[in-house]
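1. How does the following fold in three dimensions:
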Amino acid sequence: MNWYKVGQFCSVFVGGMIGGVARYEAGLWLNTNTFLGTTFVNVVGCFFLTFTIYGLDLIIDLPDWLILGFGTGVVGAFTTFSTFVLLVDQNMLLHTPETIWFLIINLVGGFLTACLGYLTARLMDRGKKIW
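-> Okay, the predicted model is just below:
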């Protein structure tokens, strides 16, 4: 039995549970079945995913299984692509004009916050070298 693969599986599994609970809590706070809620969750997820990949590993030197668990498990379960696709599909069938804006804001906002996550990670890494 390959224990490394089992560890990876367990980290994604536990991370997915944590991300699912975080998504549920975000849904209680901000209705995530709406355009605003889904956009908020996706944009925040883009930031945390890039920050995790480019920042946490450089700053804290975390083990690979923990980065995998947080990135794929927690952030993956938190952002749930299925809700995004469901909202787009339902609203395209209803021909609501907000759907195009929803798509644009999610794509552009996700890209910009991913860039912000990367830049934040780089700035924190630079600060680590100064100290």
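2. Isn't T52 up against L66?
-> No: in this structure, T52 is not within contact of L66 by CB atoms under 8 Å, at 9.6 Å. Glycine gets a C-beta too; all of them are placed from N, C-alpha and C.
3. which of those two has more neighbours?
-> Neighbour count, other CB atoms under 10 Å: between T52 and L66, T52 has more, with 22 against 17.
4. what sits against that one?
-> I67, F70, G71, V75 (CB atoms under 8 Å, 6 or more residues apart in numbering).
5. Show me the helices in the protein, by range?
-> Per DSSP state H, the chain carries helices over the ranges 3-29, 35-51, 57-60, 64-68, 76-79, 81-93, 98-130.
6. now the angle between helix 81-93 and the longest one, please.
-> Computed by axes from the mean of the first three to the mean of the last three CA atoms, to 10 degrees, the angle separating helix 98-130 from helix 81-93 equals 150 degrees.
7. Give the other helices and strands that helix 98-130 contacts.
-> helix 35-51, helix 57-60, helix 81-93 (3 or more CB pairs under 8 Å, 6 or more residues apart in numbering; DSSP states H and E).
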